[in-house]
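[1] I need the structure of the sequence given here:
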Amino acid sequence: MSATALDADPARRVLNEVFGYADFRGEQREIVDHVAAGGDALVLMPTGGGKSLCYQVPAILRHQAGQGVTVVVSPLIALMHDQVGALDEFGVRAAFLNSTLEGDEARRVERDLMAGRLVLLYAAPERILTPRFMAMLESLAERGLLGLFAIDEAHCVSQWGHDFREEYLGLSALHERFPGVPRMALTATADDHTRADIVARLQLAEARLFVASFDRPNIRYTIVEKDDPRRQLLRFIRDEHEGDAGIVYCQSRKKVEETAAWLVQEGIAALPYHAGLEAEMRRRHQDRFLREDGLVIVATIAFGMGIDKPDVRFVAHLDLPKNIEAYYQETGRGGRDGLAADAWMAYGLADVVNQRRMIDESEAEEEFKRLQRGKLDALLALAEAHDCRRVRLLAYFGEASGPCGNCDNCLAAPATWDATEAARKALSCVYRFKQQGGRHFGAGHLIDVLRGKATDKVAQFRHEKLSTFGIGADVSETQWRSVLRQLIALGHLRTEGEFNTLELTPSAREVLKGEVQLLLRVPSDAPKRSAKATRSTRPKPPPLPLDEAAAARFAELKAWRAEVAREHNLPAYIVFVDAALAEMARQRPATLDELAGISGVGAKKLEAYGAEILRVLESSE
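    All right, here's what the predicted structure looks like:
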């Protein structure tokens, strides 16, 4: 686009000159124009979809028009630091106010804010709502220097959501005290209940709703049944992601620490992260993950929101998340750069039982419990699905799609079997337990009886005398666990007490009468190989297809970027993402004008690094 055309299109000019991108993606342009003109907006856009640009470009435009600073509500310190560091690299005047600043530094930021020098200011909701901060906002508003409020991670305001934060509830004060200042709320995940909550609690009834596609086509979804899950994880990492950065989610702090230590013993560079670690250790581990290549972070859900690291190549779950929103949000942290990434999960019967029990034993209102059970059921349906995972995932968010060709089910369609009769046998056996001795038993003993195993427990309770003893000998233990998972997920069985014993629910009658069909996937019987014997010998492909000479240039550029990042005390991806370096290596620009045509090379970066990049490209031949 010519300079004249760019001058006539201020939004495109900012996108091109500041951020180095030629065109907006999807609905970005419409959102930018609406917000820059002073409109309110609620933006639902997947992680990696470019949400930040949707408020950063309007912030720059409104500041250039003399309309003042954009205040960004951000829940995490790490996110603020990364965003401000990235904007500084682009030549945009931005700052943050949080607890990491010493008194003099904080006062300097406040002086810059009040003088109108800042384009964007990032702060947490609890700071924004303090009397001191509100007084500063009042002063800015009176002088016409308060341009926009951008509320990031807006799902945190909803008690229906998966990451509720009470301090977000107070943000309705922004509309009440500054009704003339436009506001936009942004989130990567929000079902209908959460979306309605955001609108009501933030008083965004008049805001325009923008819903981008939730599809992340670069992410491959794979869900496996637990069968020595640590070894399954290790095989997955070694076969597919040796040396890659990744996140492994576990439900408990103890499991996080044990899994991280075990991976280290197996030769995988891994670090633990959970809320029980000392704050300094958490900060250090997160910082290493952001700045070093090839680290695996093993974490609870305390880790992840606001993590901008674009080159996370896999996200693994060793335990079932609470619901599809949490699963989508967590898996979305992979492949933010648009390059291929994996979402891998192992789950089993115990996951279903534990999640159901946590809902049932919570002190929440019954309506909330009912909704959470429904969300868990949707996730279980995704896990047990024998058709396209992506179709089911997108359908949950109200988006129609066709088979993706890139999930485990599309790549290798699983066999299915009619488990209706097996389900009736299982429920009948639970009924016989109760009828014989008034007792309930857990899944393991139920399966032993169904398969006709003569265990000590079977002999103790004389369950070999039951009519159901051995009636399921033709069904494998793995298949029985799949049947019980489904019966619990569908609410025909429930677990009770410390030992998770099984009881029939009223709806079990429909299954026993043959009114409910149960079609299940045949469990995979992958051989239990030694994880140590499965190290991948395949060469790791670069982010873009590169020939041998271009691959060498790519390696030289990465080494140069690492030096710059260390000098500037920044994560390497903030200097340039891998995709930009790969494109430089492929095209091998010989002039600054040619280099300026590479996506992600804005004016400030061209000025700061252009000559050095050309030198590296020339010397690598």
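
[2] show me where the stretch 301-450 of the chain has its strands.
    Ranges of strands in the stretch 301-450 of the chain, per DSSP state E, counting those that start in this stretch, are 312-317, 341-347, 416-418.

[3] output whatever helix or strand residue 195 lives in in CSV with nothing but the alpha carbons.
    Using DSSP states H and E, residue 195 maps to helix 192-201. Extracted C-alpha coordinates of helix 192-201, given in CSV (Å, rounded to 0.1, in the frame of the first residue of the first chain):
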residue,chain,number,x,y,z
ASP,A,192,-23.8,-17.9,27.0
HIS,A,193,-24.0,-17.7,30.8
THR,A,194,-20.6,-16.1,31.2
ARG,A,195,-21.2,-13.7,28.3
ALA,A,196,-24.5,-12.5,29.9
ASP,A,197,-22.7,-12.1,33.2
ILE,A,198,-20.0,-9.9,31.6
VAL,A,199,-22.6,-7.7,30.0
ALA,A,200,-24.6,-7.3,33.2
ARG,A,201,-21.7,-6.9,35.7
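
[4] who's in contact with the residue nearest to residue 303 when sequence neighbours are not counted?
    In space, residue 303 comes closest to residue 273 once its chain neighbours are excluded; the distance is 4.4 Å by CB to CB, 6 or more residues apart in numbering. Glycine gets a C-beta too; all of them are placed from N, C-alpha and C. Applying CB atoms under 8 Å, 6 or more residues apart in numbering, we find residue 273 in contact with 256, 282, 285-286, 289, 297-300, 302-303.

[5] switch the cut-off to 10 Å
    With contact taken as CB atoms under 10 Å, 6 or more residues apart in numbering, residue 273 is in contact with 247, 253, 256-257, 260, 281-282, 285-286, 289, 297-300, 302-304.

[6] returning to what we had before: which other helices and strands does the helix holding residue 195 contact?
    With contacts defined as 3 or more CB pairs under 10 Å, 6 or more residues apart in numbering; DSSP states H and E, helix 192-201 has these neighbours: strand 41-44, strand 183-187, strand 208-211, helix 366-384.

[7] what is the mean pLDDT for it?
    The average pLDDT within helix 192-201 is 88.

[8] give me the buried entries from the contacts of residue 273.
    Burial by neighbour count, 16 or more other CB atoms under 10 Å: within the contacts of residue 273 this picks out 247, 253, 256-257, 260, 282, 285-286, 289, 297-300, 303-304.

[9] surely residue 118 touches residue 93?
    Yes - using CB atoms under 10 Å, residue 118 is in contact with residue 93, at 5.6 Å.

[10] could you dump the strands of the stretch 301-450 of the chain to a markdown table with distance to residue 85, mean pLDDT and mean neighbour count?
    Formatted as a markdown table, the strands of the stretch 301-450 of the chain follow (distance: least, CB to CB, whole Å; pLDDT from 0 to 100; neighbours: other CB atoms under 10 Å):
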| stretch | distance to residue 85 | mean pLDDT | mean neighbour count |
| --- | --- | --- | --- |
| strand 312-317 | 18 | 96 | 24 |
| strand 341-347 | 23 | 96 | 24 |
| strand 416-418 | 50 | 89 | 13 |
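
[11] residue 201: which of those strands is closest?
    The minimum distance between residue 201 and these falls on strand 312-317, with 29.2 Å, by CB to CB.

[12] tell me what that closest one is packed against?
    By 3+ CB pairs under 10 Å, 6+ apart, strand 312-317 packs against strand 219-225, helix 229-240, strand 245-249, strand 296-299, helix 324-331, strand 341-347.

[13] one more pass at 6 Å, please.
    strand 245-249, strand 341-347 (3 or more CB pairs under 6 Å, 6 or more residues apart in numbering; DSSP states H and E).

[14] the first one vs helix 324-331, what angle?
    When you say that, I think you mean strand 245-249. 150 degrees (axes from the mean of the first three to the mean of the last three CA atoms, to 10 degrees).

[15] repeat for the last one
    Between the axes of strand 341-347 and helix 324-331, defined by the same axes, to 10 degrees, the angle is 130 degrees.

[16] now do strand 341-347 and helix 366-384, the angle between them.
    110 degrees.

[17] what sits up against strand 341-347?
    The contact list for strand 341-347, computed with CB atoms under 6 Å, 6 or more residues apart in numbering, reads 219-224, 226, 229, 232, 236, 313-318, 320, 331, 334-335, 383.

[18] how about 8 Å then?
    Contact with strand 341-347 is made by 218-226, 229, 232-233, 236, 240-241, 312-320, 327, 331, 334-335, 383, as judged by CB under 8 Å, 6+ apart.

[19] now, of those, which are buried?
    Among the contacts of strand 341-347, those scoring as buried are 218-226, 229, 232-233, 236, 240-241, 312-320, 327, 331, 334-335, 383 (criterion: 16+ other CB under 10 Å).
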